[in-house]
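Q: return atomic coordinates for the entry below.
(chains A and B, ligands or ions: 1)
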Amino acid sequence: MSWQMVLGFEVHVELATASKMFCGCPADHFGKPPNSQTCPVCLGLPGALPVPNAKAIEWCIKLGLALDCRVNLFSKFDRKNYFYPDLPKGYQISQYDLPFCHHGQVVLSNGKTIRITRVHMEEDTGKLQHATVDGKKVSLIDFNRSGVPLVEIVTEPDFDNTADAIEYLKEIHSLVRFLGISSADMEKGTMRLEANISVRPSGQTALPDYKVEVKNVNSFRFIKKAIEFEVARQIKLLESGTRPLQETRGFSESRGETVSQRTKEEAKDYRYFPEPDIPPFRFTQTQVGDWQKQLPLLPAGIRAELISRGILPAKAAQVASDPGRYHMFTKLTQSGFDTVKAVDIINNIPPDISNDLDKIIIWAKSKSATGTTNPAQLRVLAQKVIAANPKVITDIKSGKTQALFFLIGQMRREFPDLDVPSAQSLLKDLVG
Amino acid sequence: MTKSLSDLTIFAARTGLTSRAFSSFDLVTACLDRIKQLNPEFHAFLALNDSALTEAKAADLKISAGEDLPLLGVPIAVKDNFLTQGIVTTAASKVLDNYLPQYDATVVKKMKNAGAIVLGKTNMDAWAHGSSTETSDFGPTLNPWNSNYLPGGSSGGSASAVAAGMCPAAIGSETAGSIRQPAAWCGVTGFKPTYGRASRYGVIAMASSTDSPGPITKTVADARLLAGVLAGPDPLDATSSPRPAEEILAPGPDLKHLKIGLPASYLLPQMRSDVKQLILDAALQFEKLGATVTEISLLDPKYSIGVYTIIQRSEVSSNLARFDGIRYGHDRSAFGPEAKRRIMLGTFALSSGYYDRYYHKAEQVRTLVIRDFARAFTDVDLIIGPTSPGPALPVGASLNQPMFGEMEDILVEPSSIAGLTGINVPCGFVDSLPIGLQIIGPQFGEAVVLSAAAAYQNSTPWHEHVPVL
Ligand SMILES: [Zn+2]
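A: The predicted structure is shown next:
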């Protein structure tokens, strides 16, 4: 029997707003001394009330718009009730039945559409640290992360292979970074991947009656490994006649295996209800339209633009994968490199200078001096050739335009891969 | 008992302070003396502010310097579910028996900014879960009119303290009757502003969607003054209204132009005829003052009991989840039986599969109650009725009665779940116990409610009666 994987994702992205979701504490918590960025609200002290961060909501909705979502003009927060020591209120403020955004899509390079179920806003939890203090094993709680704005992007179980999955995850990663709303750094946990994995017989359309959630995987490489491992594990179980357990599994990087963390045969009851401390939101079509207009040029648009200028899709994707790269690309084109050259340079930058735009430009120019053209150098060369051939210039001026090709030939001695049409127009300009 | 400065109203106290008839130090001393004398019996205060006298001296300096603030030098008691920085705040629960807040509730801060001195913290039903103050984990408060009777609740400590003259005024909080019902049972004025009019920041949450801070005072004039201080938008409370506090202080319309409705359904069948008569007398008094009083129909208040019970229990189960045994020094076994019962009921009502049947349905009925009032307020400006079905009940009445509060608050729950404003004013006595009249106004109709209540109070003697202690 042949099997087919059924895969969907929940991706969490921590927003890089100045303050937390419901209080004024700084949202940037990485590497700060424990509990140094807390207040009554994010500590969940008695009497403290949440006041929503308008910027975070705007960014969440912009991400939804970038994912082609519909926006709920009437939306609200809900309480998700559960007990965990890192959750100081005993509930997480999240969104249940009216997420800010829903019904979006991402179109992959192979034309396949991945449906986005929802994009909603919630708050992050604190962090537990297990330590030994005075010889005693204790769990310490750091609330710096408590209340940091978190966006969750949920897909339908639309993936049947890991290549599509990784392309999707990379797309989310770059989208978020192009929007400038998160560092999306998986090492630091500002982007977290969660895969829902199950397996069904090929050809079956109904979803399997179980799914395994694989959490806490912090790189694209590892999530690919985790999915592959998990699919193989499940197929093996199914072939031996056992239905895999509905459970949450982690990923052991050293063993390259998923490991069971907690089984949850029944759906957990979070007793959602509308957050009474925050009035519901009413957005207008105009407001949403304005946010849509404010979206920057995004990876899909950049790829389409580059492809239309003759760049190969794979190369275009590389330029559009990261806002830094794209920024360099635009700087290079502004410094005179044409699209093809700029793309070529971008995709071949030596790693030791990859962060320094000035060095890259110098490097790119030196590179073109030894083989590739650069408009400034081309101009110098053209002037040199014109000065050395006064008779040919007179011929051209008297109407013998073919004489222009003599000059082009001269230039080609120096620059063998010279772009003929651009040299031709340059010479015409200079000769007048 | 001889008259004391602590028997004064806020207005009288301010007059005496500004004319230097006495000092804030004298006033606070008088309050502390009265508390020392009566608190062992009535147990209205759970804690006193150790620095009240020091703060009084500071206020006296400001008064001498000519500073003029609405509450300068006036000691005010604060219900123990309002956080007070540096003064233990327990919400009358052993779970928080030594909790020292790191910040002041917004209304406490506003009160202090207006020059008031926090006198101490008053007893209440633990977590405000009740209408008797008998469920306090630290023992019940008693009614100054008769110590065999309950003061009502949950702001029973505040109402008892004001009625017994332990302080000029107090602040309480109402979720469904918790200001108006104890004010009725203790024969004082209790004012519930519109939901959102006064900030909930720093109030230990009970039912977030109805909690409203408000004053308990000896007169309507004091309630108006104090409410004007407590109200106003708060950037720390997303549910607080942006409307300015000054609206409360606006002069109300002439009573001659007022149409007042008396809902037939609020004169409950089981109600004593002498209680009903006092309400009809009050209606007559309004007519004498020039208002038109008509009988109106409102939804039977019994529906509000169901709505309130579901919503309140659900919100409680979530609001108390933060007391998870990890912080605050006690595990969850420190919760009293009433809190446990409410947590269980709320948890059940929100459980998957039951949400639609209970919480969702309750919200739908709540919308009907809101619409019912909106319809009524197209015909009348105010609604009057009894605050409570009868006078105070004897000590022990709430024991083993899980629905005690709901039955006693039946007449104030509808306006609470609709987020309206309302006031209790004393309107007579039965069996030597006070009876309260409630006046309900539409959302943000405080000025109309207060002016009508003041007109009624100024033409009746009931608020001048004080218990013999
Ligand atoms: Zn904070």
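Q: please work out which residue of the stretch 151-300 of chain A is closest to the ion.
A: At 14.7 Å from the ion, residue A:277 is the closest residue in the stretch 151-300 of chain A, using CB to the ion. In this view, the C-beta of every residue, glycine as well, is placed from N, C-alpha and C.
Q: who are the contact partners of that residue?
A: A:49, A:50, B:205, B:208, B:238, B:239 (CB atoms under 8 Å, 6 or more residues apart in numbering or on different chains).
Q: may I ask which two of the residues you listed are separated the most?
A: B:205 and B:238 (13.3 Å; CB to CB).
Q: name the element the residue of the stretch 151-300 of chain A closest to the ion belongs to?
A: Using DSSP states H and E, residue A:277 maps to neither a helix nor a strand.
Q: which SSE is residue 392 in?
A: Using chain A. Judged by DSSP H and E, residue A:392 forms part of helix A:390-397.
Q: same check on residue A:198?
A: strand A:191-201.
Q: who does that strand pair up with?
A: Partner strands and pairing direction for strand A:191-201 (DSSP bridges) are strand A:3-14 (antiparallel), strand A:212-217 (antiparallel).
Q: what number of residues lie near residue 279?
A: No chain specified, so I'll use chain A. Counted with other CB atoms under 10 Å in any protein chain shown, the neighbours of residue A:279 add up to 14.
Q: to clarify, I was referring to chain B.
A: 23.
Q: domain parsing for chain A?
A: A:3-285, A:299-431 (automatic domain parsing).
Q: what's the average pLDDT for the longest one?
A: It refers to domain A:3-285. When pLDDT is averaged over domain A:3-285, the result is 96.
Q: got it, and stretch B:439-448?
A: 98.
Q: quick check: residues of the stretch 251-400 of chain B near chain A?
A: Applying CB under 8 Å from any CB of the partner chain, we find that the stretch 251-400 of chain B lies next to chain A at B:314-315, B:317-318, B:320-322, B:324, B:326-327, B:347, B:350-352, B:355, B:359.
Q: ChimeraX command to pick out the buried ones of these?
A: Burial among these is assessed by 16 or more other CB atoms under 10 Å in any protein chain shown; the matching ChimeraX selection reads:
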select /B:314,315,317,318,320,321,322,324,347,350,355,359
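Q: in helices only, show me the residues of the stretch 251-400 of chain B next to chain A.
A: Among these, the ones falling in helices (DSSP state H) are B:314, B:315, B:317, B:318, B:347, B:350.
Q: in JSON lines: those residues, plus pLDDT.
A: Below are those laid out as JSON lines (pLDDT from 0 to 100):
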{"residue": "B:314", "pLDDT": "96"}
{"residue": "B:315", "pLDDT": "96"}
{"residue": "B:317", "pLDDT": "96"}
{"residue": "B:318", "pLDDT": "97"}
{"residue": "B:347", "pLDDT": "95"}
{"residue": "B:350", "pLDDT": "95"}
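Q: partners of the strand or helix carrying residue B:423 in the sheet?
A: Per DSSP H and E, residue B:423 falls inside strand B:421-430. Here strand B:421-430 has these sheet partners by DSSP bridges: strand B:189-192 (antiparallel), strand B:433-441 (antiparallel).
Q: that older thread, now for the ones in helices among the residues of the stretch 251-400 of chain B next to chain A: which two are most distant?
A: B:315 and B:347 (11.6 Å).
Q: list the residues that contact the residue in the stretch 251-400 of chain B that chain A sits nearest to.
A: Residue nearest to chain A within the stretch 251-400 of chain B (CB to the nearest CB): residue B:321, separated by 2.4 Å. Applying CB under 8 Å, 6+ apart, we find residue B:321 in contact with A:81, A:83, A:89, A:90, A:91.
Q: number of nearby residues for residue 89?
A: Going with chain A. Residue A:89: 23 neighbours (other CB under 10 Å).
Q: if you could check chain B rather than the one you did, that'd help
A: 27.
Q: pretty sure it is touching residue B:99, no?
A: Yes - the pair residue B:89 and residue B:99 qualifies as a contact (CB atoms under 8 Å) at a distance of 5.8 Å.
Q: quickly list what's touching both of the two.
A: In contact with both residue B:89 and residue B:99: residue A:46, using CB under 8 Å, 6+ apart.
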